[in-house]
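K.L.:
quick one: sequence plus predicted model below, questions after.
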Amino acid sequence: MPVIETPWVRAAPPGAASLAGYLVLRNPCAAAVEVADVESKDFGMPMIHRTVVEDGVSRMRPAGKRVVAPGETLRFEPGGLHLMLMRPLRPLAEGDTARVRLVLADGRRVFAEFPVRREAPAAP
Ligand SMILES: [Cu+2]
């Protein structure tokens, strides 16, 4: 089963319409896995985005499905692939924890608790 490592959500001012979430998804399985979607009890509209630079301007785009080969990792990190956690359903301040799970294309879910932090945790 794939595992989520170093999950975190970047702290935002109270009332923010969305928060950004980051993680490393490790696939120790013999088969590739595909990340199809994200779910959360704590957000009304969680999405997977990718930040791209177009004509020198940074923009966010839907990331679609992501494949992780056996033994590989998929990094969700600032400036690239990220969880766009829109419409928080409760206040989430630094020190709180958001519940998020990734939906794999085969229907399995990978859950993690994402601590809300100001800074990225040390890389694994
Ligand atoms: Cu985004």
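P.N.:
Here it is on my side, so go on.
K.L.:
ok, Ala120 - contacts?
P.N.:
Counting by Cβ atoms under 8 Å, 6 or more residues apart in numbering, Ala120 makes contact with Trp8, Tyr22, Glu77, Pro78. In short, each C-beta sits where N, CA and C put it, glycine included.
K.L.:
give me the neighbour count for the last one.
P.N.:
If I follow you right, that is Pro78. Using other Cβ atoms under 10 Å, Pro78 has 10 other residues around it.
K.L.:
ok, now the one 10 residues further on?
P.N.:
Close neighbours of Pro88, defined as other Cβ under 10 Å, add up to 20.
K.L.:
for Thr51, same thing?
P.N.:
Here the number of neighbours of Thr51 (other Cβ under 10 Å) works out to 17.
K.L.:
where does the chain dip in pLDDT?
P.N.:
Scanning the chain for pLDDT under 70 picks out 64-65, 124.
K.L.:
that one against the ion: which residues are in contact?
P.N.:
Neighbours of the ion within the chain, by Cβ under 5 Å from the ion: His49, Met60, Met84.
K.L.:
the same query, at a cut-off of 6 Å, please.
P.N.:
Contacts of the chain with the ion, taken as Cβ under 6 Å from the ion, map to His49, Met60, His82, Met84.
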